[in-house]
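Enquirer: Here is a sequence with its predicted model. Questions after.
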Amino acid sequence: DSGVTQTPKHLITATGQRVTLRCSPRSGDLSVYWYQQSLDQGLQFLIQYYNGEERAKGNILERFSAQQFPDLHSELNLSSLELGDSALYFCASSAPGGERETQYFGPGTRLLVL
Amino acid sequence: AQKVTQAQTEISVVEKEDVTLDCVYETRDTTYYLFWYKQPPSGELVFLIRRNSFDEQNEISGRYSWNFQKSTSSFNFTITASQVVDSAVYFCALSDITGGGNKLTFGTGTQLKVEL
């Protein structure tokens, strides 16, 4: 158990819908990261937040948005869902310290868009 | 741009065999970090090791060992006396601080199947 929690574990929804994925980082960690794992794209970085502020952005679609709240939990919002958004979405967290800090991953949320 | 290559898509071995998973990376950074993660069939990503670019000492942890060679930009992972529980997808990753953040660039993974 990495200490990172993600809810829900599974999500099934329809095209055009909107969903919210939630992540709670390990105690003491200030950075939260979101990654998408799909069969065709592999593991891809989406976005990083550090202590409530956006720190880095990757290949995140405009239909996707994220935020980190004062209690440091984070939410990833996916809207106007398409079939291709079906994937495993991971959240990770790391301690303050930058690139030398290890990212610990949560169990993931498996999203299926029908 | 950062790049991580894991050329071995799938490896099958018989239990107790040794197996080496290859990882080759590309970066222009002088300071960087390399990681290995394991993804068992249950799906979670489990951290195995972190290595910084200034430390080329090989590391051993039980049946696992890692060989970091800066001259060939490689960070290979060896499992000695493999066990069925080692069956998983293994990912090599490289830290990328371009733009001020700290993201990981992952390889495509190597599926390891250990059979009895």
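Expert: Nice, thanks for sending it over. Residues are numbered from 1 along each chain as shown, chains lettered A, B, ... in the order given.
Enquirer: Could you find the residue in chain A that comes nearest to chain B?
Expert: A:Ala56 (2.1 Å; Cβ to the nearest Cβ). The C-beta positions use only the backbone N, C-alpha and C, and glycine is treated the same way.
Enquirer: what pairs with that residue across the strands?
Expert: Bridge pairing for A:Ala56 (DSSP bridges) gives the partners A:Gln48.
Enquirer: so how far is the helix or strand containing B:Ser95 off the chain centroid?
Expert: In this structure, B:Ser95 sits in strand B:88-96 according to DSSP states H and E. Averaging C-alpha positions (Cα atoms, centre = their mean, to the nearest Å) puts strand B:88-96 5 Å from its chain's average.
Enquirer: quick one: is it near chain A?
Expert: Yes - judged by Cβ under 8 Å from any Cβ of the partner chain, strand B:88-96 comes into contact with chain A through B:91, B:95.
Enquirer: residues touching the residue of chain A closest to chain B, list them.
Expert: A:45, A:47-48, B:99-103 (Cβ atoms under 8 Å, 6 or more residues apart in numbering or on different chains).
Enquirer: among these, which ones are buried?
Expert: A:45, A:47-48, B:101-103 (16 or more other Cβ atoms under 10 Å in any protein chain shown).
Enquirer: Lowest-confidence member of those, which is it?
Expert: Note: of the buried ones among the contacts of A:Ala56, the lowest pLDDT belongs to B:Gly101, at 80.
Enquirer: Next one: the closest residue to that one other than its chain neighbours, what pLDDT does it get?
Expert: Nearest non-adjacent residue to B:Gly101, counting by Cβ to Cβ, 6 or more residues apart in numbering or on different chains: A:Ala56, 2.1 Å away. Here the pLDDT value assigned to A:Ala56 is 91.
Enquirer: Please apply the same query to B:Tyr25.
Expert: Confidence at B:Tyr25, expressed as pLDDT, is 97.
Enquirer: That one: neighbouring residues, count only.
Expert: B:Tyr25 has 20 neighbouring residues, counting by other Cβ atoms under 10 Å in any protein chain shown.
Enquirer: do the one 3 residues further on as well
Expert: Using other Cβ under 10 Å, B:Arg28 has 8 neighbouring residues.
Enquirer: In CSV: the contacts of A:Ala56, plus distance to B:Ser12 and secondary structure.
Expert: CSV is the format used below for these (distance: Cβ to Cβ, whole Å; DSSP: H, G, I helix; E, B strand; the rest coil):
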residue, distance to B:Ser12, secondary structure
A:Phe45, 30, strand
A:Ile47, 37, strand
A:Gln48, 36, strand
B:Gly99, 40, helix
B:Gly100, 42, helix
B:Gly101, 38, coil
B:Asn102, 35, coil
B:Lys103, 32, strand
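Enquirer: from the buried ones among the contacts of A:Ala56, which is closest to B:Arg51?
Expert: B:Asn102 (15.8 Å; Cβ to Cβ).
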